[in-house]
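**Q** fold the following for me, if possible:
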Amino acid sequence: MTAPEEFKVLLAATGEQMIGTPAETAAGTADIVTLGPDDAPAMVELTKLTKPGPFTLRTHELGTFLGIRIDGQLVAMAGERMKPANYTG
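**A** Presented below is the predicted three-dimensional model:
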């Protein structure tokens with residue numbers, strides 16, 4: 001797709017689907033936790049690997065973030081980047 005001439009392209013990239021083999025972890029042993037300020041460095045480290053968009057040390061303050069830890073390492077997370085009124089984005 002080509003942007004119209006009046007548009008200024010700031011970033012152009014391909015989308016990537018991440019796949020992998022299951023972690024060698026017995027069912028039910030991964031820790032699902034609510035993430036907070038102490039988790040911010042690990043959250044930033046994870047987002048540097050996956051590049052979901054802007055994420056800084058205080059992004060977790062925008063809403064609730066949940067994480068999955070395996071052997072103490074944050075391996076996945078999901079959260080709310082904005083929550084005006086009763087709506088989550």
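**Q** and the strands in this structure?
**A** Along the chain, the segments classed as strands by DSSP state E run 31-34, 65-70, 73-79.
**Q** tell me which of these sits most buried.
**A** strand 65-70 (a mean of 17; mean count of other CB atoms under 10 Å). (Glycine included, C-beta is placed from N, CA and C.)
**Q** what pairs with it, parallel or antiparallel?
**A** strand 31-34 (antiparallel), strand 73-79 (antiparallel) (DSSP bridges).
**Q** contact partners of the last one?
**A** I take that to be strand 73-79. 23, 30, 35, 39, 42-43, 45-46, 60, 62-69 (CB atoms under 8 Å, 6 or more residues apart in numbering).
**Q** picking that back up, who wins for proximity to residue 19 among the strands of the chain?
**A** strand 73-79 (13.8 Å; CB to CB).
**Q** can you say which of the contacts of strand 73-79 are buried?
**A** 30, 35, 39, 42-43, 46, 60, 65, 67-69 (16 or more other CB atoms under 10 Å).
**Q** quick one: the residues you listed as TSV, columns for distance to residue 2 and pLDDT too.
**A** Below are these laid out as TSV (distance: CB to CB, whole Å; pLDDT from 0 to 100):
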residue	distance to residue 2	pLDDT
30	44	71
35	40	95
39	41	94
42	39	95
43	36	94
46	34	93
60	37	85
65	37	91
67	39	94
68	40	93
69	43	90
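**Q** re the thing from before, mean pLDDT lowest for which of the strands of the chain?
**A** When those are ranked by mean pLDDT, strand 31-34 comes last with a mean of 86.
**Q** so how far is residue 48 from residue 56?
**A** To residue 48, residue 56 is 11 Å away according to CB to CB, to the nearest Å.
**Q** what's the answer for residue 58, then?
**A** Applying CB to CB to residue 58 and residue 48 gives a distance of 16 Å.
**Q** how about residue 54?
**A** Going from residue 54 to residue 48 by CB to CB gives 12 Å.
**Q** quick one, which of the strands of the chain gets closest to residue 4.
**A** Proximity to residue 4 (CB to CB) singles out strand 73-79 among the strands of the chain, at 34.1 Å.
**Q** how far is the closest one from where the chain is centred?
**A** Relative to its chain's centre, strand 73-79 lies at 7 Å (CA atoms, centre = their mean, to the nearest Å).
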